[in-house]
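Peer 1: using only what follows, build the 3D model:
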Amino acid sequence: MTATKTKLERWEQRLKKVFDEIDAELEAAGACQKFKRHPARPPAGATSNREDDGLFDLGAAFSVGIGSQHGPGYVVQARIATLDSVPAEKQEQFETEVIRRLKKKLPAAFPGVKLFVDRDGPVYKIHGDLSLGSL
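Peer 2: Below is the predicted model:
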């Protein structure tokens, strides 16, 4: 018996696809070349999940928004997967580039849906219309 995906699963699958595209673009561009990939991680594209390989670990986790200025949304996770020391300035530059690309890609991935990406305390959050609409 096969079950169809729920609206939430389809929504999150679209969001993951956006992060996977950004990951692939950053890997191809040689972003953060000065850092060595964590030795426990396979090369970029070697696994079925881009979060598990290459130099970057990108994604988002849902937060109900308690204590948040933006309410519920998806907290963006942008990590350089390395044992090297990553200066705060480099991490901030990396996050800024991920957010720039995310803002550009979200409208195409979720046409007609008003989504925003803003700083929410120390993290970035995707917030706005999370109603799942007509997915």
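
Peer 1: make it CA atoms for all contacts and neighbour counts henceforth
Peer 2: Fine.

Peer 1: the residue positioned nearest the centre of the chain and G71, how far apart?
Peer 2: The residue lying closest to the centre of the chain (CA atoms, centre = their mean) is G59, at 3.1 Å. For G59, the distance to G71 equals 19 Å [CA to CA, to the nearest Å].

Peer 1: and for Q13?
Peer 2: Distance from Q13 to G71, by CA to CA: 22 Å.

Peer 1: how about the residue nearest to the centre of the chain, secondary structure?
Peer 2: Following DSSP: H, G, I helix; E, B strand; the rest coil, G59 is assigned to strand.

Peer 1: over to K17?
Peer 2: Going by three-state DSSP: K17 is helix.

Peer 1: before we move on, which element is S85 in?
Peer 2: Assignment of secondary structure by DSSP states H and E places S85 within no helix or strand.

Peer 1: that one: how many residues sit nearby?
Peer 2: 7 (other CA atoms under 10 Å).

Peer 1: show the pLDDT at it.
Peer 2: Per-residue confidence (pLDDT) for S85: 94.
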